[in-house]
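Novice: pasting the sequence and the predicted model now:
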Amino acid sequence: MILTAETVDAVKSIVNDKLISENVQTVLVIDGAGNILAHCGQDTDGLDAISLAALTAANFGATSQIAKLIGENDFSLLYHKGEKANIHFARLGGEMILVSIFGDDVSLGLVRVRVDEIAEDINKIFEQ
Amino acid sequence: MALIDLGKKEVHCKIVYYGAGRCGKTTNLLYIYNAMSDNDRGKMLTIDTKGDRTLFFDLLPLNLGKISGFDIRIQLYTVPGQVMYEATRKLVLKGVDGLVFVADPLKVRQERNIESLDDLRRNVADHGLDLKEMPLVLQYNKRDLCDTPVPTLTVAELEHDLNQEYKVPGFEAIATKGPGVFETLKEISKRTVNYVANKHLFSK
(Lines give C-alpha, C1' and ligand atoms only; values in the text may rest on other atoms or scores of the structure.)
Protein backbone atom coordinates (compact mmCIF):
# COMPACT_ATOMS: atom_id res chain seq x y z
CA MET A 1 0.00 0.00 0.00
CA ILE A 2 1.26 3.47 -0.82
CA LEU A 3 0.34 6.14 1.70
CA THR A 4 0.56 9.84 0.88
CA ALA A 5 0.83 12.70 3.37
CA GLU A 6 -2.55 14.00 2.12
CA THR A 7 -4.26 10.68 2.91
CA VAL A 8 -2.82 10.54 6.42
CA ASP A 9 -3.70 14.19 7.10
CA ALA A 10 -7.28 13.68 5.92
CA VAL A 11 -7.74 10.64 8.18
CA LYS A 12 -6.12 12.39 11.15
CA SER A 13 -8.38 15.39 10.69
CA ILE A 14 -11.52 13.22 10.91
CA VAL A 15 -10.22 11.25 13.91
CA ASN A 16 -9.15 14.40 15.75
CA ASP A 17 -12.51 16.03 15.12
CA LYS A 18 -14.69 13.09 16.15
CA LEU A 19 -12.68 11.15 18.75
CA ILE A 20 -9.66 13.02 20.11
CA SER A 21 -11.81 16.12 20.70
CA GLU A 22 -14.00 13.94 22.98
CA ASN A 23 -11.02 13.01 25.19
CA VAL A 24 -10.19 9.69 23.52
CA GLN A 25 -6.48 9.41 24.35
CA THR A 26 -5.02 7.62 21.37
CA VAL A 27 -6.35 6.33 18.06
CA LEU A 28 -4.52 4.09 15.62
CA VAL A 29 -5.68 3.14 12.15
CA ILE A 30 -3.98 -0.08 11.08
CA ASP A 31 -4.24 -2.59 8.24
CA GLY A 32 -4.79 -6.34 8.45
CA ALA A 33 -1.05 -7.04 8.29
CA GLY A 34 -0.43 -4.91 11.40
CA ASN A 35 0.99 -1.80 9.69
CA ILE A 36 0.19 1.54 11.35
CA LEU A 37 -1.44 3.84 8.80
CA ALA A 38 -2.27 6.75 11.11
CA HIS A 39 -1.55 7.54 14.77
CA CYS A 40 -3.55 10.30 16.49
CA GLY A 41 -3.78 11.78 19.98
CA GLN A 42 -1.31 11.39 22.80
CA ASP A 43 2.00 9.83 21.90
CA THR A 44 1.70 8.08 25.24
CA ASP A 45 5.05 7.28 26.83
CA GLY A 46 5.47 3.58 27.02
CA LEU A 47 2.80 2.80 24.42
CA ASP A 48 4.45 0.37 22.06
CA ALA A 49 2.32 1.14 19.01
CA ILE A 50 4.12 -1.34 16.74
CA SER A 51 3.39 -4.26 19.08
CA LEU A 52 -0.15 -3.04 19.66
CA ALA A 53 -0.80 -2.92 15.91
CA ALA A 54 0.68 -6.39 15.33
CA LEU A 55 -1.31 -7.92 18.18
CA THR A 56 -4.51 -6.18 17.09
CA ALA A 57 -4.24 -7.56 13.57
CA ALA A 58 -3.52 -11.04 14.96
CA ASN A 59 -6.34 -10.73 17.49
CA PHE A 60 -8.83 -9.87 14.76
CA GLY A 61 -7.62 -12.82 12.73
CA ALA A 62 -8.04 -15.15 15.72
CA THR A 63 -11.47 -13.84 16.69
CA SER A 64 -12.72 -14.12 13.13
CA GLN A 65 -12.01 -17.85 13.44
CA ILE A 66 -14.06 -17.87 16.69
CA ALA A 67 -16.84 -16.07 14.80
CA LYS A 68 -16.88 -18.82 12.19
CA LEU A 69 -17.23 -21.45 14.93
CA ILE A 70 -20.53 -19.88 16.00
CA GLY A 71 -21.79 -19.35 12.48
CA GLU A 72 -20.76 -15.70 12.09
CA ASN A 73 -18.53 -14.47 9.30
CA ASP A 74 -16.57 -12.03 11.46
CA PHE A 75 -16.88 -9.82 14.55
CA SER A 76 -16.86 -6.18 13.55
CA LEU A 77 -15.85 -4.82 16.96
CA LEU A 78 -13.98 -5.90 20.07
CA TYR A 79 -13.80 -4.13 23.41
CA HIS A 80 -11.63 -4.66 26.48
CA LYS A 81 -12.25 -2.84 29.74
CA GLY A 82 -9.39 -2.15 32.12
CA GLU A 83 -9.20 -0.45 35.51
CA LYS A 84 -8.11 2.89 34.10
CA ALA A 85 -7.80 2.42 30.35
CA ASN A 86 -10.17 0.82 27.89
CA ILE A 87 -9.59 -0.23 24.33
CA HIS A 88 -12.09 -0.48 21.49
CA PHE A 89 -11.30 -2.12 18.15
CA ALA A 90 -13.54 -1.72 15.12
CA ARG A 91 -13.21 -3.09 11.63
CA LEU A 92 -13.75 -0.23 9.22
CA GLY A 93 -14.75 -2.50 6.36
CA GLY A 94 -12.19 -4.27 4.26
CA GLU A 95 -8.85 -4.66 5.97
CA MET A 96 -8.70 -1.47 8.06
CA ILE A 97 -9.02 -1.57 11.84
CA LEU A 98 -9.52 1.46 14.07
CA VAL A 99 -8.14 1.19 17.62
CA SER A 100 -9.32 3.69 20.26
CA ILE A 101 -7.77 3.91 23.75
CA PHE A 102 -9.74 5.91 26.30
CA GLY A 103 -10.22 6.39 30.04
CA ASP A 104 -13.30 6.18 32.24
CA ASP A 105 -14.17 9.81 31.48
CA VAL A 106 -15.32 8.77 28.00
CA SER A 107 -18.37 6.57 27.55
CA LEU A 108 -18.18 3.43 25.45
CA GLY A 109 -21.45 4.41 23.77
CA LEU A 110 -19.99 7.67 22.53
CA VAL A 111 -16.93 5.92 21.11
CA ARG A 112 -19.11 3.37 19.33
CA VAL A 113 -21.36 6.02 17.82
CA ARG A 114 -18.43 8.17 16.68
CA VAL A 115 -16.52 5.22 15.21
CA ASP A 116 -19.64 4.21 13.28
CA GLU A 117 -19.96 7.77 11.98
CA ILE A 118 -16.41 8.00 10.67
CA ALA A 119 -15.87 4.44 9.40
CA GLU A 120 -17.24 5.06 5.94
CA ASP A 121 -15.44 8.40 5.52
CA ILE A 122 -12.08 6.86 6.43
CA ASN A 123 -12.66 3.95 4.07
CA LYS A 124 -13.41 6.34 1.23
CA ILE A 125 -10.18 8.25 1.85
CA PHE A 126 -8.10 5.07 1.64
CA GLU A 127 -9.97 3.91 -1.45
CA GLN A 128 -9.10 7.08 -3.36
CA MET B 1 1.71 -6.18 2.32
CA ALA B 2 4.44 -3.60 2.45
CA LEU B 3 3.55 -0.07 3.41
CA ILE B 4 5.20 2.84 1.66
CA ASP B 5 4.63 6.11 3.51
CA LEU B 6 5.48 8.90 1.09
CA GLY B 7 4.82 11.57 3.74
CA LYS B 8 7.34 10.20 6.24
CA LYS B 9 9.53 8.68 3.50
CA GLU B 10 9.42 5.24 5.09
CA VAL B 11 9.17 1.73 3.64
CA HIS B 12 7.79 -0.93 6.00
CA CYS B 13 8.32 -4.60 5.09
CA LYS B 14 7.30 -7.79 6.84
CA ILE B 15 9.71 -10.73 6.89
CA VAL B 16 8.60 -14.04 8.40
CA TYR B 17 10.95 -16.73 9.75
CA TYR B 18 9.31 -20.08 9.04
CA GLY B 19 10.24 -23.67 9.83
CA ALA B 20 9.39 -26.74 11.87
CA GLY B 21 9.09 -26.58 15.66
CA ARG B 22 12.38 -26.12 17.57
CA CYS B 23 14.42 -25.28 14.45
CA GLY B 24 15.64 -21.95 15.89
CA LYS B 25 13.40 -19.21 14.49
CA THR B 26 13.00 -17.36 17.78
CA THR B 27 16.71 -17.89 18.52
CA ASN B 28 17.54 -16.01 15.29
CA LEU B 29 15.43 -13.05 16.40
CA LEU B 30 16.89 -13.09 19.91
CA TYR B 31 20.43 -13.06 18.53
CA ILE B 32 19.60 -10.14 16.22
CA TYR B 33 17.88 -8.29 19.09
CA ASN B 34 20.86 -8.69 21.40
CA ALA B 35 23.38 -7.75 18.71
CA MET B 36 21.75 -4.54 17.47
CA SER B 37 21.88 -1.13 19.11
CA ASP B 38 18.80 0.40 20.75
CA ASN B 39 18.61 2.97 17.94
CA ASP B 40 18.24 0.32 15.28
CA ARG B 41 15.81 -2.01 16.98
CA GLY B 42 12.38 -1.74 18.59
CA LYS B 43 10.96 -3.78 21.42
CA MET B 44 10.88 -7.52 20.89
CA LEU B 45 7.47 -9.01 21.45
CA THR B 46 7.24 -12.69 22.29
CA ILE B 47 4.16 -14.74 23.05
CA ASP B 48 5.31 -18.16 24.14
CA THR B 49 4.05 -21.01 26.26
CA LYS B 50 5.65 -22.34 29.43
CA GLY B 51 7.85 -24.66 27.42
CA ASP B 52 9.42 -21.73 25.52
CA ARG B 53 7.64 -22.68 22.35
CA THR B 54 6.18 -19.82 20.37
CA LEU B 55 2.42 -19.76 20.86
CA PHE B 56 1.40 -17.00 18.50
CA PHE B 57 4.40 -15.14 17.07
CA ASP B 58 7.52 -13.15 17.91
CA LEU B 59 7.95 -9.68 16.51
CA LEU B 60 11.14 -7.65 16.23
CA PRO B 61 11.02 -4.25 14.46
CA LEU B 62 14.33 -3.04 12.97
CA ASN B 63 15.57 0.11 11.25
CA LEU B 64 17.92 -0.78 8.43
CA GLY B 65 19.01 2.70 7.37
CA LYS B 66 18.15 4.66 4.24
CA ILE B 67 17.85 3.70 0.59
CA SER B 68 17.14 6.44 -1.97
CA GLY B 69 16.03 8.77 0.83
CA PHE B 70 13.55 6.26 2.30
CA ASP B 71 13.98 4.87 5.83
CA ILE B 72 13.78 1.09 5.63
CA ARG B 73 11.84 -0.41 8.51
CA ILE B 74 11.61 -4.17 8.71
CA GLN B 75 9.39 -6.19 10.98
CA LEU B 76 10.70 -9.69 11.64
CA TYR B 77 8.09 -12.25 12.66
CA THR B 78 8.31 -15.90 13.59
CA VAL B 79 5.53 -18.46 13.46
CA PRO B 80 4.80 -21.33 15.84
CA GLY B 81 6.40 -24.35 14.17
CA GLN B 82 4.30 -27.13 15.69
CA VAL B 83 2.05 -28.84 13.16
CA MET B 84 -1.16 -28.14 15.10
CA TYR B 85 -0.76 -24.35 14.84
CA GLU B 86 -1.39 -24.15 11.10
CA ALA B 87 -4.18 -21.56 11.46
CA THR B 88 -1.86 -19.30 13.45
CA ARG B 89 0.91 -19.61 10.87
CA LYS B 90 -1.53 -18.62 8.15
CA LEU B 91 -2.55 -15.54 10.16
CA VAL B 92 1.04 -14.40 10.68
CA LEU B 93 1.75 -14.78 6.94
CA LYS B 94 -0.90 -12.18 6.11
CA GLY B 95 0.85 -9.33 4.31
CA VAL B 96 4.25 -11.08 4.21
CA ASP B 97 6.89 -9.57 1.89
CA GLY B 98 9.86 -11.89 2.47
CA LEU B 99 10.54 -15.32 3.97
CA VAL B 100 13.37 -17.12 5.72
CA PHE B 101 12.96 -20.87 5.95
CA VAL B 102 14.99 -22.22 8.87
CA ALA B 103 15.92 -25.88 8.45
CA ASP B 104 16.80 -28.23 11.30
CA PRO B 105 19.84 -30.44 10.52
CA LEU B 106 18.84 -33.34 12.77
CA LYS B 107 18.32 -36.46 10.72
CA VAL B 108 15.17 -37.25 12.69
CA ARG B 109 13.72 -33.91 11.57
CA GLN B 110 14.29 -34.48 7.85
CA GLU B 111 10.64 -35.18 7.09
CA ARG B 112 9.50 -32.31 9.33
CA ASN B 113 11.59 -29.84 7.30
CA ILE B 114 10.08 -31.04 4.05
CA GLU B 115 6.54 -30.96 5.47
CA SER B 116 7.06 -27.48 6.90
CA LEU B 117 8.30 -26.09 3.57
CA ASP B 118 5.29 -27.66 1.87
CA ASP B 119 3.03 -26.15 4.53
CA LEU B 120 4.63 -22.75 3.82
CA ARG B 121 4.00 -23.09 0.09
CA ARG B 122 0.34 -23.96 0.70
CA ASN B 123 -0.19 -21.18 3.24
CA VAL B 124 1.27 -18.42 1.06
CA ALA B 125 -0.82 -19.76 -1.83
CA ASP B 126 -3.90 -19.32 0.37
CA HIS B 127 -2.96 -15.62 0.56
CA GLY B 128 -2.80 -15.52 -3.26
CA LEU B 129 1.02 -15.60 -3.40
CA ASP B 130 3.42 -17.92 -5.19
CA LEU B 131 6.42 -18.95 -3.07
CA LYS B 132 8.56 -19.28 -6.21
CA GLU B 133 8.06 -15.60 -6.97
CA MET B 134 8.63 -14.32 -3.44
CA PRO B 135 11.87 -13.30 -1.74
CA LEU B 136 12.99 -16.48 0.02
CA VAL B 137 16.21 -17.49 1.73
CA LEU B 138 17.04 -20.82 3.39
CA GLN B 139 19.02 -21.09 6.59
CA TYR B 140 20.67 -24.36 7.58
CA ASN B 141 20.78 -23.86 11.32
CA LYS B 142 22.52 -25.67 14.18
CA ARG B 143 25.62 -26.50 12.13
CA ASP B 144 27.53 -26.93 15.42
CA LEU B 145 25.64 -30.20 15.90
CA CYS B 146 27.55 -31.67 12.96
CA ASP B 147 30.64 -31.93 15.19
CA THR B 148 28.77 -34.05 17.72
CA PRO B 149 27.72 -37.72 17.58
CA VAL B 150 24.09 -36.68 16.90
CA PRO B 151 23.08 -37.86 13.40
CA THR B 152 22.72 -34.78 11.20
CA LEU B 153 22.07 -33.96 7.56
CA THR B 154 24.77 -32.50 5.34
CA VAL B 155 24.20 -29.21 3.56
CA ALA B 156 24.06 -31.16 0.28
CA GLU B 157 21.27 -33.35 1.69
CA LEU B 158 19.36 -30.31 2.95
CA GLU B 159 19.79 -28.60 -0.43
CA HIS B 160 18.51 -31.74 -2.12
CA ASP B 161 15.47 -31.93 0.19
CA LEU B 162 14.52 -28.27 0.27
CA ASN B 163 16.16 -26.21 -2.44
CA GLN B 164 15.87 -28.19 -5.66
CA GLU B 165 12.72 -26.39 -6.69
CA TYR B 166 13.43 -22.90 -5.38
CA LYS B 167 17.17 -22.55 -6.02
CA VAL B 168 17.55 -19.68 -3.55
CA PRO B 169 20.57 -18.79 -1.41
CA GLY B 170 21.13 -21.04 1.61
CA PHE B 171 23.19 -20.01 4.63
CA GLU B 172 24.82 -22.26 7.20
CA ALA B 173 24.18 -20.86 10.66
CA ILE B 174 24.49 -21.35 14.40
CA ALA B 175 21.72 -19.08 15.67
CA THR B 176 22.67 -19.51 19.33
CA LYS B 177 26.16 -18.13 18.68
CA GLY B 178 25.69 -15.87 15.69
CA PRO B 179 27.43 -17.28 12.60
CA GLY B 180 25.13 -17.00 9.59
CA VAL B 181 22.40 -15.05 11.38
CA PHE B 182 23.22 -11.62 9.95
CA GLU B 183 24.22 -13.07 6.57
CA THR B 184 20.70 -14.53 6.35
CA LEU B 185 19.08 -11.27 7.50
CA LYS B 186 21.16 -9.17 5.09
CA GLU B 187 20.26 -11.32 2.07
CA ILE B 188 16.53 -11.55 2.81
CA SER B 189 16.35 -7.81 3.58
CA LYS B 190 18.04 -6.95 0.29
CA ARG B 191 15.76 -9.26 -1.68
CA THR B 192 12.63 -8.05 0.12
CA VAL B 193 13.34 -4.34 -0.33
CA ASN B 194 14.09 -4.92 -4.04
CA TYR B 195 10.87 -6.91 -4.40
CA VAL B 196 8.77 -4.27 -2.63
CA ALA B 197 10.35 -1.39 -4.55
CA ASN B 198 9.87 -3.12 -7.91
CA LYS B 199 6.31 -4.13 -7.09
CA HIS B 200 5.04 -0.88 -5.59
CA LEU B 201 7.29 1.99 -6.63
CA PHE B 202 8.99 1.31 -9.94
CA SER B 203 6.01 -0.41 -11.56
CA LYS B 204 3.93 2.78 -11.29
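Specialist: Nice, thanks for sending it over.

Novice: centroid residue for chain A?
Specialist: A:Leu98 (1.5 Å; CA atoms, centre = their mean).

Novice: now for the closest residue to B:Thr176 other than its chain neighbours, how many residues are close by?
Specialist: In this structure, B:Thr176 finds its nearest non-sequential neighbour in B:Thr27, 5.8 Å apart by CB to CB, 6 or more residues apart in numbering or on different chains. In short, each C-beta sits where N, CA and C put it, glycine included. For B:Thr27, the neighbour count with other CB atoms under 10 Å in any protein chain shown is 21.

Novice: now do the same for B:Thr27: helix, strand or coil?
Specialist: Per DSSP: H, G, I helix; E, B strand; the rest coil, the local secondary structure of B:Thr27 is helix.

Novice: picking that back up, is the residue nearest to the centre of chain A bridged to anything, and to what?
Specialist: Beta-bridge pairing for A:Leu98 (DSSP bridges): A:Val29, A:Ala90.

Novice: B:Ile174 is in contact with the residue nearest to B:Thr176, correct?
Specialist: No: assessed by CB atoms under 8 Å, B:Thr27 is found out of contact with B:Ile174, at 9.5 Å.

Novice: where do the contact lists of the two overlap?
Specialist: Common contact partners of B:Thr27 and B:Ile174 (CB atoms under 8 Å, 6 or more residues apart in numbering or on different chains): B:Asn141.

Novice: got a list of what the residue nearest to B:Thr176 touches?
Specialist: Neighbour list for B:Thr27: B:Asn141, B:Ala175, B:Thr176 [criterion: CB under 8 Å, 6+ apart].

Novice: buried subset of those?
Specialist: B:Asn141, B:Ala175 (16 or more other CB atoms under 10 Å in any protein chain shown).

Novice: where does chain A get nearest to chain B, residue-wise?
Specialist: Going by CB to the nearest CB, chain B is nearest to A:Ala33 of chain A, at 2.4 Å.

Novice: what is the neighbour count of that residue?
Specialist: 22.

Novice: would you mind giving the secondary structure of the closest residue to it other than its chain neighbours?
Specialist: Distances taken as CB to CB, 6+ apart place B:Gly95 nearest to A:Ala33, at 2.4 Å, with adjacent residues excluded. What three-state DSSP gives for B:Gly95 is coil.

Novice: distance check, B:Gly95 against A:Val113.
Specialist: 31 Å (CB to CB, to the nearest Å).

Novice: how far away is the residue nearest to B:Thr176 from B:Glu111?
Specialist: Remark: distance between B:Thr27 and B:Glu111 (CB to CB) = 22 Å.

Novice: low pLDDT regions in chain A?
Specialist: A:44-46 (pLDDT under 70).

Novice: circling back to that earlier point, can I assume the residue nearest to the centre of chain A is in contact with A:Phe89?
Specialist: Yes: with contact defined as CB under 8 Å, A:Leu98 reaches A:Phe89; the gap is 7.4 Å.

Novice: just to revisit the earlier point, who has more neighbours, B:Gly95 and A:Val113?
Specialist: Taking neighbours as other CB under 10 Å, B:Gly95 and A:Val113 compare with B:Gly95 leading, 23 against 11.

Novice: ok, now which ones touch the more buried one?
Specialist: B:Gly95 is in contact with A:Asp31, A:Gly32, A:Ala33, A:Gly34, A:Asn35, B:Met1, B:Ala2, B:Lys14, counting by CB under 8 Å, 6+ apart.

Novice: sec struct for the fourth one, please.
Specialist: So the one you mean is A:Gly34. Following three-state DSSP, we place A:Gly34 in the coil state.

Novice: okay, now it: neighbour count?
Specialist: The tally of other residues near A:Gly34 (other CB under 10 Å) stands at 29.

Novice: now it: phi and psi?
Specialist: Main-chain torsions, A:Gly34, degrees, to the nearest 10: phi 90, psi 10.

Novice: for the residue nearest to A:Ala33, give its distance to B:Met1.
Specialist: Remark: distance between B:Gly95 and B:Met1 (CB to CB) = 4 Å.

Novice: shared neighbours, the two?
Specialist: A:Asp31, A:Ala33, A:Asn35, B:Lys14.

Novice: for the first one, which non-adjacent residue is closest in space?
Specialist: Counting by CB to CB, 6+ apart, A:Glu95 is the residue found nearest to A:Asp31 once chain neighbours are left out, at 5.2 Å.

Novice: how far away is the one you found from A:Ile122?
Specialist: For A:Glu95, the distance to A:Ile122 - CB to CB - is 12 Å.

Novice: neighbour count winner among these two?
Specialist: Using other CB under 10 Å as the criterion, A:Glu95 and A:Ile122 rank with A:Ile122 on top: 23 against 18.

Novice: looking at the contacts of B:Thr27, which is nearest A:Ala85?
Specialist: Nearest to A:Ala85 among the contacts of B:Thr27: B:Ala175, at 37.2 Å, using CB to CB.

Novice: pLDDT score for that closest one?
Specialist: At B:Ala175, the pLDDT value in this model is 98.

Novice: where do the strands sit along the chain?
Specialist: No chain in the question, so chain A it is. Counting by DSSP state E, chain A has strands at residues A:2-3, A:26-30, A:36-41, A:77-81, A:85-91, A:97-103.

Novice: that answer is for a different chain, and I need it for chain B
Specialist: Using DSSP E, the strands of chain B run over B:3-5, B:10-18, B:45-48, B:54-67, B:70-78, B:98-103, B:136-140, B:170-172.

Novice: since that was my last question, I'll sign off now.
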